[in-house]
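Asks: structure for the following, please:
(2 chains)
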Amino acid sequence: MDKLKRIGFVIAFSLLQVFAFAQEMNTTKEDPTDFMRSNGKLYVVVAVIVTIVAGLFIYLLNLDRKISRLEKDMKQKA
Amino acid sequence: MIRQSWWKLLSFVLLMYVCSMGFIVKVPLLDGRLQQSVRNLFFHVPMWICMMTLFSVSVYYAVRFLRNPQTNYDLYSVEFARTGLLFGFLGITTGAIWANYQWGEPWSGDPKQNGAAIALLIYFAYFVLRGSMNDTDKRSRISAVYNVFAYCMLFPTIWILPRLTESLHPGGRGSEGNPGLNPDDTTAAMKTVMIPAFIGWTLLGIWIASLRVRLRIYQENKTSNG
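Replies: Model (predicted):
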């Protein structure tokens, strides 16, 4: 069941991509109105990469904390 | 040192800076050869710097193990080599992507590509060697010796040979220059992102490796105590 749910999510999110693409097709020529849309929307990519790297760091931090907890438990037992 | 948090925070701050400024910083036009792809300097090159650092730490612990055989030294050595290999693999993959658009094909048999591939294969063999032995003492000792050999092989494969021949990489004009960077193409503005990128990515690699080391030490203690 869990696996099915996960596959469902993946498909749903892939469809979102299509919607995003369709929207882009409708508005091929738009004037850059703000910072994020300037320079050929390059800053959108910057935002994506910053989010990914920040996410990876949060994940590593969690892992670090978990291992620290395990080490602490082991020290108390010993 | 590995349990302190200031360098993890430093790595985070530096990489946030690199991942945003890496796209925003002004890059030179360079007669239109590289165009914007020169920004890969902040992402592809640090992979190799990180790999070299991790392999250096790995060989340091291999030598320490040979001088004083403690299990922990062996664990440090193997986990740093493993993470180094991961970064080397990322480096070679990102290099192939870049080469596809820069030199027309992902693999052009460039001396630096071949050298890096040989170096990585030698480190792959390190894990094959380890996997082939069940006796823990023997495995630790032989793999520590092999680790020293593999590190020595890094010198000719990625530092010496690529400098001697013509190459598509920068610095490929005979024996002149550095295999990874072309000082003529790197402006002062790019250096303000490049150096933080080197430090930031390297610290990230050390963090990942240190987590693996701590997990292995934990497992080791658990099996010996319980």
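
Asks: need the contact list for B:Leu211.
Replies: When contacts are counted by C-beta atoms under 8 Å, 6 or more residues apart in numbering or on different chains, B:Leu211 touches A:Leu60, A:Leu63, A:Asp64, A:Ile67. Heads up, the C-betas are built off the backbone N, CA and C, glycines and all.

Asks: tell me which helix or strand it sits in.
Replies: helix B:188-225 (DSSP states H and E).

Asks: from the contacts of B:Leu211, which single one is nearest B:Pro170?
Replies: Using C-beta to C-beta, A:Leu60 comes nearest to B:Pro170 of those, at 32.1 Å.

Asks: quick check: angle from the longest helix seen in chain A to helix B:188-225?
Replies: Criterion DSSP state H: the longest helix present in chain A is helix A:38-77. Interaxial angle, helix A:38-77 versus helix B:188-225 (axes from the mean of the first three to the mean of the last three C-alpha atoms, to 10 degrees): 30 degrees.

Asks: pLDDT of helix A:38-77, averaged?
Replies: Average pLDDT, helix A:38-77: 88.

Asks: skipping its backbone neighbours, what lies nearest residue 57 in space?
Replies: Reading this off chain A. Excluding the flanking residues, the one nearest A:Phe57 by C-beta to C-beta, 6 or more residues apart in numbering or on different chains is B:Phe12, at 5.0 Å.

Asks: actually, chain B is the one I wanted.
Replies: Closest residue in space to B:Val57, ignoring its immediate chain neighbours: B:Phe80 at 4.6 Å, by C-beta to C-beta, 6+ apart.

Asks: give the contact list for the one you found.
Replies: So B:Phe80 contacts B:Leu54, B:Phe55, B:Val57, B:Ser58, B:Tyr61, B:Ala209, B:Val213 (C-beta under 8 Å, 6+ apart).

Asks: of the residues you listed - the most surrounded one?
Replies: With neighbours taken as other C-beta atoms under 10 Å in any protein chain shown, the top of the contacts of B:Phe80 is B:Ser58, carrying 28 neighbours.

Asks: so that residue touches B:Gly88, yeah?
Replies: No: B:Ser58 lies out of contact with B:Gly88 (C-beta atoms under 8 Å); the separation is 11.9 Å.

Asks: pull the most distant pair out of the contacts of B:Phe80.
Replies: B:Phe55 and B:Val213 (14.9 Å).

Asks: give the buried residues for the helix holding B:Leu211.
Replies: Buried residues in helix B:188-225, counted by 16 or more other C-beta atoms under 10 Å in any protein chain shown: B:190, B:193-194, B:196-217.

Asks: and chain A, which residues reach chain B?
Replies: By C-beta under 8 Å from any C-beta of the partner chain, the residues of chain A that approach chain B are A:42-43, A:45-46, A:49-50, A:53-54, A:57, A:60-61, A:63-64, A:67-68, A:70-71, A:74, A:78.

Asks: again, 10 Å this time
Replies: Those residues of chain A that sit near chain B, judged by C-beta under 10 Å from any C-beta of the partner chain, are A:39, A:42-43, A:45-54, A:56-58, A:60-61, A:63-64, A:66-68, A:70-71, A:73-75, A:77-78.

Asks: filter those residues to the buried ones?
Replies: A:Tyr43, A:Val46, A:Ile49, A:Val50, A:Val53, A:Phe57, A:Leu60, A:Leu63, A:Asp64, A:Ile67, A:Glu71.

Asks: any idea how far A:Val48 is from the closest residue to the first one other than its chain neighbours?
Replies: Ranked by C-beta to C-beta, 6+ apart and with sequence neighbours excluded, the top spatial neighbour of A:Tyr43 is A:Met36, at 5.0 Å. Taking C-beta to C-beta, to the nearest Å as the measure, A:Met36 and A:Val48 are separated by 11 Å.

Asks: and for B:Val128?
Replies: Counting by C-beta to C-beta, the separation of B:Val128 from A:Val48 is 38 Å.

Asks: same question, B:Ala81
Replies: B:Ala81 sits 32 Å away from A:Val48, going by C-beta to C-beta.

Asks: can you check A:Lys72 too?
Replies: Distance from A:Lys72 to A:Val48, by C-beta to C-beta: 37 Å.
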